[in-house]
Each structure stands twice: as structure tokens, then as C-alpha cells.
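> pasting the sequence and the predicted coordinates here, then a few questions.
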Number of protein chains: 2
Amino acid sequence: MDLVAGGVCAATGFLAAGARAGIKAEGLDVALIGSERPCAAAGVFTRNAFISPCARISRDRVRAGLPVRGVFANSGCANACTGPAGEADIIAIMERTARALGERLPGVDGTVLACQTGVIGRRLTPDRVEDAIDAAASGLSRAGAADAARAIMTTDTRPKECAVEFTVGDRTVRVGGMAKGAGMIAPNMGTMHAFITTDIAVEARALQAALAAAADETFNCITVDGDTSTSDAVLLLANGASGVALDGTSRPAFTEALRVVCQELSQAIVRDGEGATKLVEIRIEGARTSEDARRAARTIAESLLTKTAMFGGDPNWGRILAALGRSGAEVDPNRVVLDLGGLVLFRNGAAESYDLKSAERAVAGPEVAVHLDLGLGAGRATMWTCDLSYDYVRINAEYHT
Amino acid sequence: MDLVAGGVCAATGFLAAGARAGIKAEGLDVALIGSERPCAAAGVFTRNAFISPCARISRDRVRAGLPVRGVFANSGCANACTGPAGEADIIAIMERTARALGERLPGVDGTVLACQTGVIGRRLTPDRVEDAIDAAASGLSRAGAADAARAIMTTDTRPKECAVEFTVGDRTVRVGGMAKGAGMIAPNMGTMHAFITTDIAVEARALQAALAAAADETFNCITVDGDTSTSDAVLLLANGASGVALDGTSRPAFTEALRVVCQELSQAIVRDGEGATKLVEIRIEGARTSEDARRAARTIAESLLTKTAMFGGDPNWGRILAALGRSGAEVDPNRVVLDLGGLVLFRNGAAESYDLKSAERAVAGPEVAVHLDLGLGAGRATMWTCDLSYDYVRINAEYHT
């Protein structure tokens, strides 16, 4: 399996474009993805009770197993908490997108999915994006992936793309995608969006199972601030253009390729978390159960004490243990081993003697590895988080509605 | 019921003192409370798996129903995660305290409780505090309450005391206490300690029930950063010196007095949360169940988005709804009514039309009231939190172990 360029258009038969509708103060803010063939679609969506209309409608279309021809996305306005009027707006936008895609890529059946991100509580009326949709549709190209990756950005400081390929016999399969960040969207809401495409041939149901499994150990294992949004979504489209079907032969490589793309994109989101200066991996082993491991990893990953200590470059293991101890996971302090970047700091219920300079080095770089063995069972989990800096507060306090 | 001066020594028969052992870089760091009569004791303790030895031993002594003669407290060193050696240290310190109290207040039976707060993972050996214990014991007085309230401070910017009195016939009953803050302790750990005394006459069991009920709606309803410590404890001592017993006549007034003291102390902790500039009340009504109400209140109170918006003075109701929507509480967006400082911002599934200046005024002051009616049932809960500022990050990132 090799990394390749091309992002969300690396897979054969996918085209993309970015356009400016003027929703954000500057830059591209509308992205389209189109497929030259109908796609099977899978999706993972926010569980927030205030799910935005675009996420709910896309979820329902994916669940219904409808073939998909493309995706509309915008930044700068989440169109959430906008009542029936907001729902009518996004339905009209999706219809307009379907029409524009139909003109540019005639003969392709299928529905359109949509992802919106930005201010909550404000509508995005169709008239504000119609021209941008038409411009993006007529400009669709494989090279447009880069513009699309920029158009979905909000407080992201850089676009996030990843693609890989593998071969089955003499045929090449690609999986590629783009994502936007898990901090809050300027000025108001946090949203994680990822768009992944592949040219493998697969039914929607099997595609959904593959995405759910991959998301479970990647997108569902990252946290910037514990706040999930009304609009979070990961979409996966498969158009079959590679001529390779998902079967016993191709499955291991496809599963791995999808996991790699999901992991790269999800870690890129954390690295670019609002104000983040470090990527912190929290790995739990030896928990009584997997649920315990996940609970422990998540509690530590979301602990403000741990995150501020990481920002300060402080190997403050007491804060990590205190978070573990309140996580609800079964813990026997005498069995816990805490390892920071390869240095064991705590074992047998008390501090090890260690060199403070070495411990400080373990948290000084842009990547920090926290490893805890609970010594109780076979449960394991890994979460990725970032540190909590002044810039997080600045970004989220200084904007005004 | 009237507010009175005197803090933890407002109730008859309680004496206190602060002393300096040199654990912290400067200031008082050891506090003693002594009673002229044996006390019934109640306590609420951290549930952290890494519970510190002083909290575990005090908890066991309270649960055993032992009469109590006094309390040792220190700041600057939590003596947690220190293994059997740390346990032996605090036992020796408690014995030394019992001896010193026995000399100063002879003829009083009872055991000693202890609360320690500060750096995790470092021992506090008895030799470092013996002189301070002796000095504090010989200096015990009613006026010493103020020194004791200072000696337990860590990153607190001010001491926290409160006392009230009420009469039963011609007798006066007092309930008073002191507390230290719920941010992290400099440089390492967060701990909430509260010490409350009363001169009502009551059995330990009934006292525990009264404290548990009061803590449940006060100390258990505050959050600064969601991180709980290895050492959190609320202690309540009752020595009977008022001559009034807890019975059907005195119970309503005592319950209310205890609630007022617990609420004042717990809100003082939030107001003085690390970096806090605002006290934010999150009140939930109309939840399907009380558990739902509490879950919703806590999720909003701990949402970094909500807390940074409050710091920024931004009436950002989308963040509040997004936190509510991910809380796990049952929510029907169309029934939710969101009120910020008396101004309804969201109703019937969409934004109300409101005056932005008025909404900004609702979050501009030192106290902010967020009120949500979920419209589903009779469940209600209130949580108190503070905003998240640059100073929170500074305090917790710039210290080093």
C-alpha cells in the first residue's frame, strides 16, 4: 500500500471543485464532489439531538441505500437550529446541486448528500450559493480536490488530504479523502467533516460496515475539546471504477487502506486542533474491558489538567493518574504502570525514580505518547488529543456572534 | 437565620489555628481545628481510584462512627500516590496531632481527621510538620479561624468562610465553615476541601445523612474544569455545645442552615476558580428525569465552548444547545426554551428575534444565568460553573513539577 496524491479525487472517476459564495469573509466556501458513476454511500453522523438538517437528510439518504452522484459542502454557516425554513433551504440547495451535477456529468443516477458547517442558528438561503454551485459544477476536475479541501476549512490552519492505493492482480484501487477540523468553526460551532472516496466496487451495506469499523478506531478516537457538533459527518463514496470488487481477496487491503486514510485524516484534525501545539496519544492496555480502556483513554484525553500540562511541557503524571482515577474504569493503583515517551514514571503504587530532564524531554516535542498499563485484563484503546493553549481560549472567546 | 462572622469557629466550642511549616514557598500551610468536646463527624470524599491516604483514612474513621476531636490540614503537598510510605507518614502526622490536641484540650476523647492538598507523588514526612502542629495546637483560638482559612489555600486568591445562626427557643445554634478552591493546587493538583462545624447535638449517622443531602445540591453541583482530585473532601463536625438536639423541631432550620453554608462555600469556590471572571448558573427544568436534568446541566457546565464564550462575553446560544444535544439527556429540539438572563433566545426549534445588545448584557456581568426548559417532564437540576480564561491556561501550564 502506498500513499499517493490527489486527496478526495485520487480514486478513479471522482471530480471536485471549490468556489466562493461569500459566506465567509474571504476565501473558498463551497465545495462540490461529483462522481462519473453512481456511488454506493456510507456515512457516520453526529448523535447530537440538535442534528442539523443537512446531516439528518444525508443520514436518511445513506440509510435508505440510495445511489449517490455527489456531495455539496459549505463552510461559514451550519444552518442548524433554523427550524423548517432551514430544512427547506438545504433541500433546495441539494436539488440545485443535483441539477448542476446532472448537466456536468449527464447520465449519472443518484442523489446528493450535503455537509454544512459554521454559525449555528443562521439560515443559508439557496440564492446565496446558487452561482457558486453552478461555477463549481462546471469547474469539476480531478485537480479540483485541492480547492475543495480548502473550501471546507473554517478555523483550520491548513487543508487536510490523504490518499493511498493498493493493487489486486493488475488493477489498482485507491482510497482518498479530505477533512476539516474538530475545533469550533469560526465564529461559533465545532464540526468535524471528512469526505472519503474509493473506486472499489461494493454494496452500500458492506461499505457502511467497513466505514463504521474504521471510524470506530480513528474518528471516534480523537478529541480536541470534547464538544461534538450538530453537523459532524464522515461520508464515504464508492463508485466501482477500479473494476475491483470488495471480496475475500481485496478485503484485507481495502480495510487497511480505509483505516490508514481515516487515521491520517483524523490525526490531522487533532494536530490542527484550535491552538494545538502537540499531538498527544493516550494508549491504554491491560484494562478489565475494552469499554474501561476507552473510558480511561477518553477521560485523560479530555482532562484540562492533562492538556494544559502538555502545553506547558510539564511531565505532570499526577494529573494523568487523577484523570484515570475518576474515569470510572476499574483501577487498582498498585497495578498501574505509567509510561511517558518510554520512561516509566509510576509503578507499584508510587513514583519511580526517574530523571526529570528525560521526563521533560518526553513531553517537549510535537508528539507525546502516554501509555498506561492497568494490569487487570486485555482491554485496550487509543485516543488522540491535543494540548490546551492560550490560542484555544483566544480563538473561542474573542469571536462574537 | 442570620449570617454571622467566625467561619469554622462560629459554632460554640470550636477552636482553630494556622501555622507555617514551610511546605509552600510562603505563607501559612498547616491548619488545625480542635473541639472542646468530642464531635460526631460526617464526610463526603473523592471517589477517585487514586484516593490519597489521608482521605481514605478519614473516610474510614468517619464511616466507623468514631468520635472526632479535631482535624489536621496542610496545603502544598497532597501526599497522594506515595505508596505505603506515604500512608505511614500521614498516620504519624495524625497521631502527632492527636497528642498535641490532647495537651491543649485535655479530657476530650476522639480521633483526628486529615486533609492534604498540593503536589501529587511527593511525600510529606512527619518531621516537616511536627513543629507547626505543636505551634498551631498551643495557639488554638476562636479567632484562629481566619488563619486556618488562609492556611488551606493553594491557588485560591482569597479565603472562603461562611457561618449562620438560628435559634431554637432561647438557644442559638451555629453552622460555619471554610473551604479551599476547586482549581488545581499549585503546582500540581486540584482539590476541593471544605471544613464545616456546628454546635448542634446529633448522632454521626443523622449528621452524615444531612451532609450528604446538602452536598448533593451544592458541592456536587459545582465544576471548574471537570477534573476531580485524589483528595477532595467535605468534613462536618458536630459537638453539641449549643444544647440543642437535631430533632423534629430543629431539623428544618438546621437543614437550611447547612445548605446555606454549603452553597455559599461551594459558590465561593467557583467564583474563585482558576482564572475565573464569572459565576455561571446552569438551571435545567422540564427534563424527563432528574438524572437527565443533571446530565444536561453538567455537560453544559463543562463545555469548553460554553465556558470560553462566557469569558468572551458572547451570548453564543448555539454552543449551549450543542452541549445540551450531546449530553445524553432526552431532548426534543422543538420543545426546548433557552433563556439567557431573562431573555428568551431559542424556542420552537429556531432562534427568537432578540436584541443582540440585550443578549450581550446578559453575559457581560460577573454572574450569568442560563436557563433551559426541556418541556418534557419534571426533572430539574442546577449547576454552577465559571468561565474559561487565559489565566486558567497560564496557571495550569506555566507551573512545572
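Here it is on my side, so go on. Residues are numbered from 1 along each chain as shown, chains lettered A, B, ... in the order given.
> please count neighbours and contacts with C-alpha atoms only from this point.
Fine.
> and A:R394, how many neighbours?
Residues lying near A:R394 (other C-alpha atoms under 10 Å in any protein chain shown) number 17.
> and it, how far is that from chain B?
Counting by C-alpha to the nearest C-alpha, to the nearest Å, the separation of A:R394 from chain B is 8 Å.
> could you do A:K24 as well?
Shown here: A:K24 relative to chain B, a distance of 18 Å by C-alpha to the nearest C-alpha.
> equivalent analysis for A:L304, please.
7 Å.
> what's the mean pLDDT across stretch A:283-292?
Stretch A:283-292 carries an average pLDDT of 97.
> where's it relative to the chain centroid, distance-wise?
The chain centroid and the centroid of stretch A:283-292 are separated by 24 Å under C-alpha atoms, centre = their mean, to the nearest Å.
> let's verify A:V331: helix, strand, or coil?
In terms of secondary structure, A:V331 is coil; the call rests on DSSP: H, G, I helix; E, B strand; the rest coil.
> for it, give me its contacts.
A:V331 makes contacts with A:324-325, A:374, A:376, B:49, as judged by C-alpha atoms under 8 Å, 6 or more residues apart in numbering or on different chains.
> now do it, the pLDDT please.
In this model, A:V331 is scored at 96, pLDDT.
> out of the contacts of A:V331, list just those in strands.
Counting by DSSP state E, none of the members of the contacts of A:V331 fall within strands.
> quick check, nearest of these to B:K307?
A:L324 (23.5 Å; C-alpha to C-alpha).
> hmm, which helix or strand of chain A has the shakiest average pLDDT?
When the helices and strands of chain A are scored by mean pLDDT, DSSP states H and E, strand A:184-185 comes last with a mean of 42.
> the residue located most distally from the centre of chain A: which element?
Centroid-distance maximum for chain A: A:S353 at 39.6 Å, with C-alpha atoms, centre = their mean. Element membership for A:S353 (DSSP states H and E) is empty, with no helix or strand holding it.
> repeat for A:A149
Per DSSP H and E: A:A149 is located in helix A:145-151.
> please state the offset of that helix from the chain centre?
Averaged C-alpha coordinates place helix A:145-151 at 15 Å from its chain's average position (C-alpha atoms, centre = their mean).
> ditto for stretch A:132-148
Averaged C-alpha coordinates place stretch A:132-148 at 22 Å from its chain's average position (C-alpha atoms, centre = their mean).
> model confidence over that stretch, on average?
The average pLDDT within stretch A:132-148 is 98.
> which positions in it come out as buried?
Of the residues in stretch A:132-148, those buried under the neighbour-count criterion (16 or more other C-alpha atoms under 10 Å in any protein chain shown) are A:132-137, A:139-148.
> and for it, what are the contacting residues?
Stretch A:132-148 is contacted from outside by A:6-10, A:14-21, A:28, A:30-34, A:96-97, A:100-101, A:104, A:159, using C-alpha under 8 Å, 6+ apart.
> any low-confidence regions in chain A?
Residues of chain A meeting the criterion pLDDT under 70: A:182-190, A:225-228, A:399-401.
> which parts of the stretch 151-300 of chain A are strands?
In the stretch 151-300 of chain A, strands defined by DSSP state E, counting those that start in this stretch lie at A:160-168, A:171-180, A:184-185, A:189-190, A:193-198, A:222-223, A:233-238, A:279-287, listed in chain order.
> relative to chain B, which of these is closest?
strand A:189-190 (6.6 Å; C-alpha to the nearest C-alpha).
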